[in-house]
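Asker: sequence and predicted structure are below.
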Amino acid sequence: GVDVPVLELVPHEPLRGLAALRGAAKAYGKPLWGVHTAMGYYRNPTDLWTPERLRIAYDLFFAGGASIFSECNMPLRNWGSCSSFFTIQASPPIREGEVECWEFDDPICVRSREVLSEFYRFTQFHQRPERGPRVPMGYVLGYLDGWTGSGQQTDDMWGVDRPGFLAPEALKTWRHFERAFDAEPWYIPPRMYYWQADPSKPLRQGTPPGGQVDIVPVEAPPEVLRSYGCLALLGWNTMTHENYFKLRAYVEQGGTLLVAVPHLDTRTRTDWPRAFIRGGDVRDLCGVKIVGQGESIKEVLFAEQTDCPRYRFPRGTLFLEEAPLARLELHGARVLAYPRQRPQQPVLLEHRVGKGFVYLLATWEYPGARLDAFITDILRTLSEGLQGEIAVESRGVFYAVYDGRMPSGTPFSALYLVCLLYTSPSPR
């Protein structure tokens, strides 16, 4: 296994990468983890702004809890990506004409050394609280989920181009994680009727609680899962008995779980017939029995409010969205959302298990792009319910909250703010 997980930031995306790396480090007991930026190599093109992006990246990952930082290229002698090709003609079009190497005294390299020096001095004179940042919400990477979170993602699980691994809707459901940092004022309620909204406006979840979310593998031990106030399953999951009972124990001890009917399937290939865990009898977790495929709907009404005092769903909101549903028998679950004329056809159900709550999305297939606004509001409600006493609302600021104790034993909270927008007219 890996002793020290390190993310290669570029060409990856920083916020997904940070969430996935930190979640995996927790799950597998790796307290030391970090980031390799590789910005000077991949940045298109390398220019005087590149060192400033390096500074933002280091600040962001420091606030997020990373302990290892490297950029082996830019500070000393910056080689561009065209250097990896045999000829200039073979270089990517965006890099044509770019110099192959910036030498030690080039302003890009000089500024990069300044950034590294300033960051190093800060880390030497400032010690973060040991427990890491607050992360109240976790997005669960299901068992056998092949989502990569990068530009290389295809419609196939694990990149296997075979019919049994084609799972576009499962992979597309991760689109909701992309909105986790697309901040919207978390104290403003959603519109009542999405069909009246401007369709060109992007849907947003809201400010992440505590500024942070993790992508945590379902294989994580129970004590790691218990550290999250809410867990949400999005993409593919092959349910196992071990993970089923682990999730049930998580809810029993006070956790909140968002899960959809397809997440309870045990099949490992998409061309195999459905085979739900325990024959579809999930009464002890979800308060229902899965009977089979149900009807399709063209609208959803959020008709009832949750019994959990932490959350407040947008009751009365109508969503004009389509989806195929599963046919369920109710055994203790309470229906929160359904089509206006068919209250007997649940779309979202609530079931109390011990001290916690399960919210079951009754879609027969992975939602993908369907029920987009509906699921966005569910996730937004869960996110809002986990907001603490410190919250920052801004699309250009990344933040993290740490809890620690003074030498005297007095508790304190430290807030880290990272500006993601560099608005100066010039880098210097």
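Answerer: Alright, I've got the coordinates.

Asker: when you work out contacts or count neighbours from here on, use the C-alpha atoms and nothing else.
Answerer: Noted.

Asker: now do the same end-to-end measure for stretch 166-179.
Answerer: The distance separating the two terminal residues of stretch 166-179, taken as Cα to Cα, to the nearest Å, comes to 24 Å.

Asker: and the next helix or strand past the helix or strand of the chain with the lowest mean pLDDT?
Answerer: One helix or strand of the chain scores below all others by mean pLDDT, DSSP states H and E: helix 39-42, with a mean of 64. Later in the chain than helix 39-42, the nearest helix or strand by DSSP states H and E is helix 50-64.

Asker: which residues does that following helix contact?
Answerer: Surrounding helix 50-64, the residues in contact under the criterion Cα atoms under 8 Å, 6 or more residues apart in numbering are 14, 18, 34-35, 37, 39-40, 43, 69, 74, 108, 111-112, 115-116, 119, 132-133, 212, 398-400, 416-420, 422, 427.

Asker: can you pull the buried residues of that helix?
Answerer: Applying a neighbour-count criterion of 16 or more other Cα atoms under 10 Å, the buried positions in helix 50-64 are 50-64.

Asker: the longest helix along the chain: what's the following helix or strand?
Answerer: Here the longest helix in the chain is taken by residue count, with DSSP state H as the criterion, and it is helix 107-125. Secondary structure here is assigned by DSSP H and E; on that basis, the next helix or strand after helix 107-125 toward the C-terminus is strand 137-141.

Asker: list the contacts of that next one.
Answerer: The set of residues that contact strand 137-141 without belonging to it, under Cα under 8 Å, 6+ apart, is 177, 209, 212-218, 228-237, 383, 386.

Asker: may I see the buried residues of it?
Answerer: Using 16+ other Cα under 10 Å, the residues of strand 137-141 that count as buried are 137-141.

Asker: now these as CSV including distance to residue 411 and pLDDT?
Answerer: Rendered in CSV, the data for the buried residues of strand 137-141 read as follows (distance: Cα to Cα, whole Å; pLDDT from 0 to 100):
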residue, distance to residue 411, pLDDT
137, 23, 96
138, 25, 97
139, 29, 97
140, 31, 97
141, 33, 96
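
Asker: and which of those residues is nearest residue 299?
Answerer: For the buried residues of strand 137-141, the residue nearest residue 299 by Cα to Cα is residue 139; the value is 26.2 Å.

Asker: partner residues bridging that closest one?
Answerer: When bridges are taken as DSSP bridges, the partners of residue 139 come out as residue 215, residue 232.

Asker: so how far is residue 357 from it?
Answerer: To residue 357, residue 139 is 16 Å away according to Cα to Cα.

Asker: list the buried residues in stretch 229-246.
Answerer: 229-240, 243-244, 246.

Asker: same thing with stretch 320-334?
Answerer: Applying a neighbour-count criterion of 16+ other Cα under 10 Å, one finds 320-328, 330, 333-334 buried in stretch 320-334.

Asker: swap in stretch 335-345?
Answerer: If you call a residue buried by 16+ other Cα under 10 Å, then stretch 335-345 has these buried ones: 335-339, 345.

Asker: taking those residues one by one, which sit in strands?
Answerer: Cross-referencing the buried residues of stretch 335-345 against strands under DSSP state E gives 335-338.

Asker: would you format those as TSV with pLDDT included?
Answerer: Written out in TSV, the entries for those read as follows (pLDDT from 0 to 100):
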residue	pLDDT
335	97
336	98
337	97
338	97
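
Asker: of the contacts of helix 50-64, grab the buried ones for ChimeraX.
Answerer: Buried subset of the contacts of helix 50-64, written as a ChimeraX selection, criterion 16+ other Cα under 10 Å:
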select :14,18,34,35,37,39,40,43,69,74,108,111,112,115,116,132,133,212,398,399,400,416,417,418,420
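
Asker: CA atoms of stretch 238-253 as CSV?
Answerer: Listed in CSV are the C-alpha atoms of stretch 238-253, where the atom choice follows Å, rounded to 0.1, in the frame of the first residue of the first chain:
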residue,chain,number,x,y,z
THR,A,238,-21.8,-2.5,-5.0
MET,A,239,-23.4,-3.1,-1.6
THR,A,240,-21.8,-5.8,0.6
HIS,A,241,-23.1,-7.1,3.9
GLU,A,242,-20.1,-5.6,5.7
ASN,A,243,-20.7,-2.1,4.3
TYR,A,244,-24.5,-2.4,4.8
PHE,A,245,-24.2,-3.1,8.6
LYS,A,246,-21.4,-0.5,8.9
LEU,A,247,-23.7,2.2,7.4
ARG,A,248,-26.5,1.1,9.6
ALA,A,249,-24.3,1.3,12.7
TYR,A,250,-23.3,4.8,11.6
VAL,A,251,-26.9,6.0,11.4
GLU,A,252,-27.8,4.2,14.7
GLN,A,253,-25.1,6.3,16.5
